[in-house]
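Visitor: When you get a sec, could you give me coordinates for this:
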Amino acid sequence: MAKKRSATPGKGLRGSKAGLVLSLGSSALAVIRASKQVRRAKGTHDKLNTADAVAGMLPLITSAALVLRQLRGRKRETPEAA
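Guide: This is a model prediction of the structure:
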């Protein structure tokens, strides 16, 4: 009988330091793009569009904070020898 493989094996790239840094970079770019959208919406004085843009930024900021926390936790777990 063949083993079933899950769609997301282990931690994969997301669990590695390089994957976390890549995820943080993409989150940062998404936050920059969303902040431009907020500025554009404020320029048109459209309150609903501005609120939508700000609400869209919140999950991006939270995602970036979670990835940053994982990176900091990984740094504390494996201190480098000086």
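
Visitor: where's residue 38 relative to residue 31, distance?
Guide: Going from residue 38 to residue 31 by CB to CB, to the nearest Å gives 10 Å. Where you see a C-beta, it was placed from the backbone N, CA and C, and this is true even at glycine.

Visitor: Residue 74 now?
Guide: Between residue 74 and residue 31 the computed distance is 22 Å (CB to CB).

Visitor: which residues of the chain score low on pLDDT?
Guide: For the chain, residues meeting the criterion pLDDT under 70 lie at 1-15, 77-82.

Visitor: Please, where are all the helices along it?
Guide: For the chain, applying DSSP state H gives helices covering 12-15, 17-43, 47-77.

Visitor: The nearest residue to residue 54 once chain neighbours are set aside: what's it in contact with?
Guide: Leaving aside its sequence neighbours, residue 54 sits nearest to residue 38 (CB to CB, 6 or more residues apart in numbering; 5.9 Å). Contacts for residue 38 (CB atoms under 8 Å, 6 or more residues apart in numbering) come out as 50, 53-54, 57.

Visitor: same question, residue 20
Guide: Contacts of residue 20 (CB under 8 Å, 6+ apart): 14, 67, 70-71, 74.
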